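Novice: coordinates for the following, if possible.
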Amino acid sequence: MQLNKIANKKIIVSALDWGMGHCTRLSVLINILQQQNNDIIIFTTPEQKQFWIEQFPNLEIQDIPPYNIRYTSKYSIINLSLQIPKIIKTIIKEYKTIKHYLKTNQVDYIISDSRYGLKNSLCTSIIITHQVNMQLPKALRIANKIHHILLNRFDIIWIPDFQEDQKSLAGKLSHTINNKLLKKIDYINPLSSFEASDDKPVIDVLVILSGPNPAKSELENKLTVFFETNLNTLNILMINCNNEDKSFKRKFINPKQLHILINRSKIIISRSGYSFLMASYQFVHTKKLILIPTPNQYEQIYLAEYWKWKYSVSVINEDDYLQKNLKNLLS
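Specialist: Here you go, the predicted structure:
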């Protein structure tokens, strides 16, 4: 089912609560669906709720249990392995939540951004993901098979990327040779509302923090120390911070404000999360982009290296040489 063919339908949507990137890209999809005269119901976790209320104050909002993925180890695969029982429990809970809602409400489609329990046989179930071919070490590739089983439970798989290899923003991540999945896949192109403008840059360095804690707060602390002691002649702004204890730090910025700041900045520093990269391809040739992948998160490491090869962006690791390498790039 192609996105542009869904019109005049009642649709449930929900996003994974692992950072705000899933919400950001799903909000773009909601706008498209509303333009096609669809009735949208948003299922949200408590942490996401304020975002959805601000973005879509007139839409019906229902509660759904959070996954609450937390980093207890610096190794992402260990984090996920330790939390598998909690993840399975949440998948069952969200499945039951939708099942209960559908007992008294008729719905045509369910669109889930990376929530594997958000499906039901009473309507067409669609999952959004840019990962159908996770780039993992050989010892961990069993995870790809499990992922394929979960994806195959849905009727349709939407991939927010270009289908053509030469245009793809996610590279190998968004392309698979699995025949069962290929029959269900539809490439819906990148989901981003960013529009480049001719605004004169007034911010020297814009730092965009993202992702779950404690990885996010650890990078925030390192960069706060760095910018306090280096390059203090530059106009620097750090956004999506946990606190505003410094003059150059701001807490949550909504997407519209973020787009204005990006257009007014010369250099952008960010994690290599895919939701951010979907917007970045529109300015990757006009601004300096520095990516700092989350340590031991294989998806972000792959995307950073892929974009370094494809677009010649700068990539630095979050290690003991972070400050030295960053200073060299900004000097």
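Novice: the helices in the stretch 1-150 of the chain, which residues?
Specialist: For the stretch 1-150 of the chain, applying DSSP state H, counting those that start in this stretch gives helices covering 21-35, 46-55, 76-82, 84-102, 142-151.
Novice: most tightly packed of these?
Specialist: Most buried of the helices of the stretch 1-150 of the chain, by mean neighbour count (mean count of other Cβ atoms under 10 Å): helix 21-35, with a mean of 20. All C-beta atoms are positioned from the backbone trio N, CA, C, and that covers glycine.
Novice: which strands or helices does it pack on?
Specialist: strand 10-15, strand 39-44, helix 46-55, strand 109-113, strand 124-128, helix 274-280 (3 or more Cβ pairs under 8 Å, 6 or more residues apart in numbering; DSSP states H and E).
Novice: is it possible to get CSV of these that adds distance to residue 169 and mean pLDDT?
Specialist: Formatted as CSV, these follow (distance: least, Cβ to Cβ, whole Å; pLDDT from 0 to 100):
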stretch, distance to residue 169, mean pLDDT
strand 10-15, 19, 98
strand 39-44, 26, 98
helix 46-55, 23, 93
strand 109-113, 17, 98
strand 124-128, 15, 97
helix 274-280, 6, 93
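Novice: among the ones you listed, which is nearest residue 178?
Specialist: Checking the helices and strands packed on helix 21-35 against residue 178 by Cβ to Cβ gives strand 124-128 as the closest, at 14.4 Å.
Novice: show me which helix or strand of this structure is least confident by mean pLDDT.
Specialist: helix 76-82 (a mean of 62; mean pLDDT, DSSP states H and E).
Novice: is it true that residue 279 touches residue 196?
Specialist: No - the criterion here is Cβ atoms under 8 Å, and residue 279 misses it with residue 196 at 9.7 Å.
Novice: more neighbours: which of the two?
Specialist: residue 279 (25 against 13; other Cβ atoms under 10 Å).
Novice: list the residues that contact that one.
Specialist: By Cβ atoms under 8 Å, 6 or more residues apart in numbering, residue 279 lies in contact with 192, 194, 259, 262.
Novice: can you rerun that using 7 Å?
Specialist: Residues counted as contacts of residue 279 (Cβ atoms under 7 Å, 6 or more residues apart in numbering) are 192, 194.
Novice: what separates it from residue 149, distance-wise?
Specialist: 31 Å (Cβ to Cβ, to the nearest Å).
Novice: for the spatially closest residue to residue 143 that is not a sequence neighbour, grab the count of nearby residues.
Specialist: Closest residue to residue 143 apart from its sequence neighbours, by Cβ to Cβ, 6 or more residues apart in numbering: residue 136 at 6.0 Å. Residue 136 has 16 neighbouring residues, counting by other Cβ under 10 Å.
Novice: do residue 238 as well
Specialist: The number of residues near residue 238, taken as other Cβ under 10 Å, comes to 20.
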